[in-house]
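Asker: Sequence plus the predicted model coming up.
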Amino acid sequence: MGMIDVIWNDASRGNWDHGLLYSIFESEPEIFQQHNIKTQVVFDKAIIILTNKPDIDQTRKYLDKFKKALVILTGDEDSFFDWKAAIPEHHEKWTQYWRQNKEGCEKIMLGAPMRISNFETSPMEKKYLWSFIGQEQNPHRTKCMNVLKELPNGYLKIVDGFCGTLGGEVEYQEYLDIMRQSKFVICPSGSMNCDTFRVYEAIECGAIPITEKRCPRDPEDYNYWEGFPEGMIMVNNWDVLREHLELLRHVDTIVDNTWWTIYKQELKRKLVEYATD
């Protein structure tokens with residue numbers, strides 16, 4: 001079986017949305033030779049991870065040197081990076097944060113944060129019907145919080161910063177434990193994207209995410225998750241949460257996130273296939 005070089009551009013490995021990619025590459029070291037360095041190394045074929053918004057001209061000059069590459073865009077949550085100018089047309093392109101301006105990129109779900117593998121995520125007895133621990137930093141979040149404050153059988157804690165970070169109000173394991181004890185985890189959008197780390201943390205902890213179809217900057221009929229596996233509950237308006245939870249409160253079933261396991265296996269298969277083709 002062949003080996004392929006994996007380049008974390010500009011030694012960028014460690015961004016929150018690198019968790020799933022990193023776990024796949026680490027699980028198959030005989031296939032994926034990782035380079036997490038500042039030095040620009042060049043190979044005939046490689047998998048290259050671009051994080052956030054690297055310099056366009058420098059990135060283009062670098063990527064032009066590869067005969068064939070799979071370029072994976074991560075960290076570009078607002079989708080303002082001019083990927084068409086930075087990535088040669090003949091390279092294959094995947095993106096975590098897909099928007100209409102990324103036609104030509106394959107959209108993927110990259111999964112839970114890097115750090116989650118160091119914490120306990122196995123499901124616990126479901127003490128809460130729903131839970132949310134997080135910030136209230138945009139109008140969508142405010143609407144969501146106003147609804148949650150009126151809902152029974154849940155756990156709500158509004159904080160000023162990310163959980164588990166230095167000076168944070170909630171330790172990361174405590175944050176995960178609440179998810180582990182929840183049947184549903186409320187996952188409102190960020191200000192620029194509705195694909196958030198909370199969605200994946202909830203799934204990994206054995207809960208079902210309830211998320212938005214759009215973030216504050218999207219039109220009302222937009223559905224960010226269109227085309228993704230149907231393993232989440234999606235809402236256009238947080239007011240419908242009352243109805244959803246009333247219906248789901250009476251369903252006594254084990255949370256089944258088999259779709260996510262299958263998705264991760266399929267993503268790994270595709271990466272291995274690209275590496276060995």
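Answerer: In hand now; what should we look at? Residues are numbered from 1 along each chain as shown.

Asker: Return the alpha-carbon coordinates of stretch 52-72 using CSV.
Answerer: Extracted C-alpha coordinates of stretch 52-72, given in CSV (Å, rounded to 0.1, in the frame of the first residue of the first chain):
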residue,chain,number,x,y,z
ASN,A,52,-7.8,30.3,8.1
LYS,A,53,-6.7,32.7,5.4
PRO,A,54,-3.1,32.3,4.3
ASP,A,55,-1.5,34.8,2.0
ILE,A,56,-3.1,34.3,-1.5
ASP,A,57,-0.1,35.0,-3.7
GLN,A,58,2.3,32.9,-1.6
THR,A,59,-0.2,30.1,-1.4
ARG,A,60,-0.7,30.1,-5.1
LYS,A,61,3.0,30.0,-5.9
TYR,A,62,3.4,27.1,-3.5
LEU,A,63,0.5,25.0,-4.7
ASP,A,64,1.5,25.6,-8.3
LYS,A,65,4.6,23.4,-7.6
PHE,A,66,2.5,20.3,-7.0
LYS,A,67,1.5,18.1,-9.9
LYS,A,68,-1.5,16.8,-7.9
ALA,A,69,-3.0,17.7,-4.6
LEU,A,70,-6.1,17.4,-2.4
VAL,A,71,-6.4,20.8,-0.8
ILE,A,72,-8.6,20.9,2.3
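
Asker: Could you measure from the residue nearest to residue 24 when sequence neighbours are not counted over to residue 154?
Answerer: Excluding its sequence neighbours, the residue lying closest to residue 24 (Cβ to Cβ, 6 or more residues apart in numbering) is residue 268, at 4.8 Å. Bear in mind the C-beta positions are built from the backbone N, C-alpha and C, glycine included. In this view, residue 268 and residue 154 are 35 Å apart by Cβ to Cβ, to the nearest Å.

Asker: Over to residue 38?
Answerer: From residue 38 across to residue 154, the span is 46 Å (Cβ to Cβ).

Asker: which one of the two has more residues nearby?
Answerer: Using other Cβ atoms under 10 Å as the criterion, residue 38 and residue 154 rank with residue 154 on top: 17 against 8.

Asker: Next one: the more buried one from residue 186, what distance?
Answerer: Residue 154 is 8 Å from residue 186, by Cβ to Cβ.

Asker: Need the residues touching each of the two.
Answerer: Counting by Cβ atoms under 8 Å, 6 or more residues apart in numbering, the shared contacts of residue 154 and residue 186 are 130-132, 148.

Asker: can you map out the helices along the stretch 101-250 of the chain?
Answerer: 139-148, 172-180, 197-204, 241-248 (DSSP state H, counting those that start in this stretch).

Asker: Counting by contacts, list what the third one packs against.
Answerer: Looking back up the chat, that one is helix 197-204. Judged by 3 or more Cβ pairs under 8 Å, 6 or more residues apart in numbering; DSSP states H and E, helix 197-204 is in contact with helix 172-180, strand 182-187, strand 208-212.

Asker: and if we set it to 10 Å?
Answerer: helix 19-27, strand 128-134, helix 172-180, strand 182-187, strand 208-212, helix 258-276 (3 or more Cβ pairs under 10 Å, 6 or more residues apart in numbering; DSSP states H and E).

Asker: what's the most buried one of these?
Answerer: strand 182-187 (a mean of 27; mean count of other Cβ atoms under 10 Å).

Asker: Report the mean confidence score over stretch 232-248.
Answerer: Averaging pLDDT along stretch 232-248 yields 85.

Asker: Pull out the buried residues from that stretch.
Answerer: By neighbour count on 16 or more other Cβ atoms under 10 Å, the buried set for stretch 232-248 is 232-235, 238, 241, 245, 248.

Asker: Tabulate those residues (CSV), appending distance to residue 27.
Answerer: What follows is these, written out as CSV (distance: Cβ to Cβ, whole Å):
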residue, distance to residue 27
232, 25
233, 30
234, 30
235, 35
238, 38
241, 37
245, 37
248, 35
